[in-house]
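# next one to model:
(2 chains)
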Amino acid sequence: GENVEQHPSTLSVQEGDSAVIKCTYSDSASNYFPWYKQELGKRPQLIIDIRSNVGEKKDQRIAVTLNKTAKHFSLHITETQPEDSAVYFCAAHDYKLSFGAGTTVTVRA
Amino acid sequence: NAGVTQTPKFQVLKTGQSMTLQCAQDMNHEYMSWYRQDPGMGLRLIHYSVGAGITDQGEVPNGYNVSRSTTEDFPLRLLSAAPSQTSVYFCAVTDSTSGTEAFFGQGTRLTVV
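Have a look, this model is predicted:
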């Protein structure tokens, strides 16, 4: 089955700086790569996703890149704000959705 | 339009007790799944269903049973609770097996003592 690895497990950034989270996947059949944000005590919610036929996607301060050859994808958050503090999960979908272990992002004011 | 409704929100069980976590959706989506969330381990798939009458095992199925008699409901049963099943459980719903946004229920925090 699919194995998704996510790094780093924790990330502390100064407000206004950028944050980058990296994930790798094992199954070349995976074709959909979403990112979820989970605030404390809340459910995960989709923030951005990318399909295997696209290399990069951007939505305001958030961008995702995908390298199918290397089987890795990354989340980039620019101009971080305190409300970006949360746990972020990457995931890969072949016929089911497999998640990484999560990254706890803390934005310092 | 409630989306994905998961109950209960909190539950404490004694070792050996059984219970059912409920998940109901009004989105008319075919694909439903159960995950457990433990610190440092992300979301791990327990069981999933691609439609009524069809279920399959995920990554960590032992100790859990599921059934899918309708499109709307996908209950998760713990047959004999163990402390290792202490976790936060999420039900998730998507509209296809090809990869689209998953909508999560509010979660159930289960403690087994």
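# mind listing the residues bridging to the closest residue to A:Asp84 other than its chain neighbours?
Spatially, and ignoring its direct neighbours in sequence, A:Asp84 is nearest to A:Val107 (5.2 Å; C-beta to C-beta, 6 or more residues apart in numbering or on different chains). Using the backbone N, CA and C atoms, a C-beta is placed for each residue, glycine as well. For A:Val107, the beta-bridge partners under DSSP bridges are A:Val13.
# can you check B:Val88 too?
Counting by DSSP bridges, B:Val88 forms beta bridges with B:Gln37, B:Arg109.
# in chain A, what helix or strand scores lowest on average pLDDT?
Counting by mean pLDDT, DSSP states H and E, the weakest-scoring helix or strand in chain A turns out to be strand A:97-99, with a mean of 93.
# circling back: isn't the residue nearest to A:Asp84 right up against A:Ser18?
No: using C-beta atoms under 8 Å, A:Val107 is not in contact with A:Ser18, being 11.0 Å away.
# shared neighbours of those two, which are they?
A:Thr80 (C-beta atoms under 8 Å, 6 or more residues apart in numbering or on different chains).
# more crowded one of those two?
A:Val107 (20 against 11; other C-beta atoms under 10 Å in any protein chain shown).
# so who does the more buried one touch?
Listed by C-beta under 8 Å, 6+ apart, the contact partners of A:Val107 are A:13-15, A:19, A:80-85.
# cutoff 7 Å now
Residues counted as contacts of A:Val107 (C-beta atoms under 7 Å, 6 or more residues apart in numbering or on different chains) are A:13, A:15, A:80-82, A:84-85.
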